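K.L.:
Here's a sequence, model it:
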Amino acid sequence: MTNKHMALIGTGSIGLMLGAFLSRGGYDVTMVSQFRPEMAQLLNEKGIRVTFGAEEWTQPVHSVFWDDLDKEERFDILFLTGKSNDTQDAMEKMLPHLAPDGFVTSLQNGINDDVIAGYAGQERVIPCICFAGGQCPEPNHIMTHDGYFIIGEPDGSFTPRLRELEQILYCVKEVEVTDDIRAARWKKLSEVCLTVPVATVSGYPLFAGYEDTLIQRVFGKLAGEVMAVEAACGTEPEPIMGLTRSEWGQLSREDAPELTEKFLAVMRRPFPPQEEGDVPPAAMSPSDAYTNDIRRHRPLEVWYTNGYVSKRAGELGIPVPVNELLCEMIREIEAGTRKACRDNLSELIHAGE
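P.N.:
Prediction:
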């Protein structure tokens, strides 16, 4: 086992999951609360309650509010587990606490590796795509499920530190090591760009309503835009939810029963596969990412997912009217001037016409 001194920045679902499993595995972990001193106190006093399938336990952890970190303390690994919105603040605050030979790993939804490299240097970043997490019914309670991580060096090499990170994360979930982390990062971003914001504007629960042809049309148009931007950035787009770029293009224009069934078969598949007929744990969630954040007046991550795609598209001269309108709709829902409803899907289909 490594003797690395690690900090987990963020105490949301991913932070709690990591903190609980790594601490249980005997790793030297400090959980860093970014905004709430009382959260650090809660974790120190009560630990993390973990629900994982039929298992349940409480894991003692060490936590600190980041303003209370010892100025001389240095960490070998910084895990960024919060929202993309907080990346710059996290790096400005935590970079002085990164050991000279340490590195940063982002488990965030957006493509933030270049932002992190701007602070720490490209050679001190190891990207990680996180297909795991869960729900937090209480601040120190994580209801998690099976999942996995994908990690890789930015240059595609297989280094000792990458293998060490693999060992560390394997204590939490399954780990895949790739020589093309950029493609894997885009694949995760693509899925987030479709599922979460469309649920927010349509009124459908997350991971529901996919039999609706309007959702399929919107997904097709969004996927086409995202994959066009990805390709222009130099990455060959991988299939999204089982469909290639050309297949999404076809589904965005017309009924294609064979493609619909292919897409639905992927979305009905358990995450990860367990038994036939199971549904992804997120589909059973009573709350939906952005909708829940809007209700609690929290900053939204959409500006770093679909907003990132729109920003890169503008730099490359690629039109992305559906992504842009989707972001505008979410702004209006956030402001209370638009309601989430199925009619929004019809409007999105005709964006840019």
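K.L.:
which non-adjacent residue is nearest residue 181?
P.N.:
Leaving aside its sequence neighbours, residue 181 sits nearest to residue 152 (C-beta to C-beta, 6 or more residues apart in numbering; 3.2 Å). From N, CA and C alone the C-beta is placed, and that goes for glycine too.
K.L.:
Please list all residues in contact with the one you found.
P.N.:
By C-beta atoms under 8 Å, 6 or more residues apart in numbering, the residues touching residue 152 are 126-127, 162, 177-181, 184.
K.L.:
so where's the stretch 151-300 of the chain uncertain?
P.N.:
Where the stretch 151-300 of the chain drops to pLDDT under 70, the residues are 269-289.
K.L.:
For it, which segments count as strands?
P.N.:
Using DSSP state E, counting those that start in this stretch, the strands of the stretch 151-300 of the chain run over 174-177.
K.L.:
which element follows the helix or strand residue 64 falls within toward the C-terminus?
P.N.:
Using DSSP states H and E, residue 64 sits in strand 63-65. As assigned by DSSP H and E, the chain's next helix or strand after strand 63-65 is strand 75-80.
K.L.:
For that following strand, which strands pair with it and how are they oriented?
P.N.:
Strand 75-80 has its sheet partners listed here by DSSP bridges as strand 5-9 (parallel), strand 98-106 (parallel).
K.L.:
Quick one: residues in contact with the longest one.
P.N.:
With C-beta under 8 Å, 6+ apart as the contact definition, strand 98-106 has outside contacts at 5, 74-80, 87, 91, 112-113, 116, 120, 124-128, 151, 161, 165.
K.L.:
Ok, the shortest one next?
P.N.:
Contacting residues not belonging to strand 5-9 are listed as 15, 18-19, 22, 27-32, 34, 66, 74-82, 90, 94, 97, 99, 168 [C-beta under 8 Å, 6+ apart].
K.L.:
Top of the contacts of residue 152 by number of neighbours, please.
P.N.:
Counting neighbours by other C-beta atoms under 10 Å, residue 127 leads the contacts of residue 152 with 24 neighbours.
K.L.:
Confirm for me that that residue is in contact with residue 151.
P.N.:
Yes. Taking C-beta atoms under 8 Å as the definition, residue 127 is a contact partner of residue 151 at 7.0 Å.
K.L.:
any idea how far the residue most central in space within the chain is from residue 297?
P.N.:
In the chain, the residue lying closest to the centroid (C-alpha atoms, centre = their mean) is residue 109, at 2.8 Å. Look at residue 109 and residue 297: by C-beta to C-beta, to the nearest Å, they are 20 Å apart.
K.L.:
got it, and residue 63?
P.N.:
For residue 63, the distance to residue 297 - C-beta to C-beta - is 25 Å.
K.L.:
likewise residue 58?
P.N.:
Separation of residue 58 from residue 297 (C-beta to C-beta): 30 Å.
K.L.:
So those two - more neighbours on which side?
P.N.:
residue 58 (13 against 7).
K.L.:
for the more buried one, helix, strand, or coil?
P.N.:
Following DSSP: H, G, I helix; E, B strand; the rest coil, residue 58 is assigned to strand.
K.L.:
What residues of the lengthiest helix in the chain count as buried?
P.N.:
The residue-count maximum for a helix in the chain (DSSP state H) belongs to helix 181-202. Applying a neighbour-count criterion of 16 or more other C-beta atoms under 10 Å, one finds 181-202 buried in helix 181-202.
K.L.:
angle of it against strand 98-106?
P.N.:
Relative orientation of helix 181-202 and strand 98-106, computed by axes from the mean of the first three to the mean of the last three C-alpha atoms, to 10 degrees: 60 degrees.
K.L.:
Who are the packing partners of helix 181-202?
P.N.:
Contacts defined by 3 or more C-beta pairs under 8 Å, 6 or more residues apart in numbering; DSSP states H and E place helix 181-202 against strand 128-131, strand 148-151, helix 213-232, helix 289-295, helix 306-316, helix 321-335, helix 343-349.
K.L.:
Quick one: closest of these to residue 250.
P.N.:
helix 213-232 (7.6 Å; C-beta to C-beta).
K.L.:
what helices or strands is the closest one leaning on?
P.N.:
Checking 3+ C-beta pairs under 8 Å, 6+ apart, helix 213-232 ends up next to helix 181-202, helix 245-253, helix 257-268, helix 306-316, helix 321-335, helix 343-349.
K.L.:
one more time with 6 Å
P.N.:
Secondary-structure packing of helix 213-232 (3 or more C-beta pairs under 6 Å, 6 or more residues apart in numbering; DSSP states H and E): helix 181-202, helix 245-253, helix 306-316, helix 321-335, helix 343-349.
K.L.:
Same list (those helices) but as a markdown table, adding distance to residue 290.
P.N.:
Putting these into a markdown table (distance: least, C-beta to C-beta, whole Å) gives the following:
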| stretch | distance to residue 290 |
| --- | --- |
| helix 181-202 | 4 |
| helix 245-253 | 22 |
| helix 306-316 | 11 |
| helix 321-335 | 7 |
| helix 343-349 | 13 |
